[in-house]
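In: no sequence for this one, just the structure:
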């Protein structure tokens, strides 16, 4: 990766309860030439880890209520120079918004130049977004599968009860959906529910 | 038009009205706790609407997030711990950004709970009565700690919410009043409030100081015993406040005034005992607090089940939403917070920092918005309040260093934590 050599010596700690997302970030960091990356999934014992590891950058997801625990630790720990929260450059509102929207926060050890940290934060943001997209797609795929199953069951019920062919049953579902301005899957669900009550 | 009318009725507003150009839809960050009641009610029951404002409440999970999202303009206003604006003005914490408060969200709501296991040892060792005072409880804990040390047991771990929290300072105050050094004799950790009851049950912590309703939740489960309420430690102690960015407040002076009026009306509503059934209903509904409605209702009454054996205690005004000038942001409270930051090594004294700390609380904005309707503390009450501490100390804002030096238990000679540039 071009330009990665400048930042490759940084020690990075990733704290994320979501193991899959953490590994996506780890991979991204590795691709960018970072080899000093530690990933943990829970914050127990993190104080000692930070003391021994002395990370330059700490990446943590903002949905974690444990951020307050980190704040407390930074107040207590005098052996580590105190990290500052997240934002490399306060005036860089676009990066800030992107990071918060993506749900990622970073602590950056004081004195680290912003040019060195920005690519890491940008990478974390894009990986966080990629992970959300992945999850959304997975949820959509799951939904689609569920919907198909429901439609199949509704078709079966209509075929049996009304003596329709498969095509006719589907056409009836589609027509009802159009008339009622609903999704076919919703109509199918109603048919399945009604059949459950009636039969 | 009705908003305009109410504006003229509430008297002078500092900045010339720039109605129409100011922001009217406000994103308000909050943490689901009972002391967010005023903000929630202002949004839910139309008090904000009446002032021509829309409050979009955004739930968050950590105070660090609330702080950052306010600083980075994702929130316009925020439900905050009362020490947070003070810390911000002093440049403390990992992302200090100027923050002020023109409105306090009331007093009360905190308590200290110890595990049933520790409390039983306190009773066995010191013949502690069931109705022991907060100070007697702290002294009994000190005896247990000595006993534990003699037996080679590890020091207990106690939970609070945030380094710059009322809970941190109140817990430390209570421990120290009993002769316990909070940094040496116990281990203070941060535990998110909704997790405290489970953490206590699992033995991960031996006690905690958090807001309502989590103390009650633990005591009703029988895993914890409430040993002190905020009122026992210092009745005037501020709890949560509304935080704003000073530049935003300046650019939206009319909106800030309207907001204060809306919050004032909501606070008066919350204070009426006759509204508490409805308040408990609202608070226990889905987006807010995930705790049983009847517990929330009893907490509003100040009815405490101290433990699972049926020991009860009623704390009058456990929640004060409005009365006693509870919404007035008193600079003395900001200074008391600063004194505790000094006491525990988070800050050092300087006249400059004293001015910074004081500037976090803005009674001028409160008075301007409410005019004749402002609930302002009277001098006699104020003086009495500054002396109602559990250890008999009297807070003298004019002599901060002497006040801090007068405490037996405090952090000694720790190097000051340097402030980061904002």
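Out: Received, thanks. Given the structure is predicted, the values throughout are model-derived calculations rather than measurements.

In: Skipping its backbone neighbours, what lies nearest residue B:329 in space?
Out: Residue nearest to residue B:329 in three dimensions, not counting chain neighbours: residue B:361, with 4.1 Å by C-beta to C-beta, 6 or more residues apart in numbering or on different chains. All C-beta spots, glycine's among them, are computed from the backbone N, C-alpha and C.

In: surely residue A:189 meets residue A:150?
Out: Yes. Residue A:189 is within contact range of residue A:150, at 5.5 Å (criterion: C-beta atoms under 8 Å).

In: how many other residues sit next to the residue nearest to residue B:329?
Out: When neighbours are counted by other C-beta atoms under 10 Å in any protein chain shown, residue B:361 registers 29.

In: any idea which helix or strand comes after the helix or strand residue B:114 falls within?
Out: Using DSSP states H and E, residue B:114 sits within strand B:111-115. Sequence-wise, the next helix or strand downstream of strand B:111-115 (DSSP H and E) is helix B:116-126.

In: Between strand B:111-115 and that following helix, find me the angle.
Out: For helix B:116-126 against strand B:111-115, the angle by axes from the mean of the first three to the mean of the last three C-alpha atoms, to 10 degrees is 90 degrees.

In: Could you list every helix and strand in contact with helix B:116-126?
Out: helix B:134-150, strand B:224-229 (3 or more C-beta pairs under 8 Å, 6 or more residues apart in numbering or on different chains; DSSP states H and E).

In: For the top helix by length along chain A, what is the distance to the chain centroid?
Out: When chain A is parsed with DSSP state H, its longest helix is helix A:114-162. Relative to its parent chain, helix A:114-162 has a centroid offset of 12 Å by C-alpha atoms, centre = their mean, to the nearest Å.

In: Give the other helices and strands that it contacts.
Out: Using 3+ C-beta pairs under 8 Å, 6+ apart, the elements in contact with helix A:114-162 are helix A:19-31, strand A:57-61, helix A:93-102, strand A:104-109, helix A:166-180, helix A:184-198.

In: Run a quick neighbour tally on the residue lying closest to residue B:393 once chain neighbours are set aside.
Out: Once flanking residues are discounted, residue B:393 sits nearest to residue B:406: 6.7 Å by C-beta to C-beta, 6+ apart. Neighbourhood size, residue B:406 [other C-beta under 10 Å]: 13.

In: unless I'm mixing things up, residue B:406 is touching residue B:392, no?
Out: No. Assessed by C-beta under 8 Å, residue B:406 is found out of contact with residue B:392, at 10.7 Å.

In: Can you check which of the helices and strands packed on helix A:114-162 gets nearest to chain B?
Out: Closest approach to chain B among those is made by helix A:93-102 (4.9 Å; C-beta to the nearest C-beta).

In: quick one: that closest one to helix A:114-162, angle?
Out: 40 degrees.

In: Next, the buried residues of helix A:93-102.
Out: In terms of neighbour count (16 or more other C-beta atoms under 10 Å in any protein chain shown), helix A:93-102 has its buried residues at A:95-96, A:98-100, A:102.

In: Could you pull up phi and psi at the closest residue to residue B:411 other than its chain neighbours?
Out: Among residues not flanking residue B:411 along the chain, residue B:345 sits closest, at 3.7 Å (C-beta to C-beta, 6+ apart). Backbone geometry at residue B:345, expressed as degrees, to the nearest 10, gives phi 80, psi 10.

In: What about residue B:345, how many residues nearby?
Out: 19.

In: Can you check the pLDDT for it?
Out: At residue B:345, the model reports a pLDDT of 91.

In: What ranges does the stretch 201-350 of chain B have for its helices?
Out: Listed in chain order, the helices found in the stretch 201-350 of chain B under DSSP state H, counting those that start in this stretch are B:214-221, B:230-233, B:246-251, B:253-271, B:276-283, B:293-301, B:331-343.
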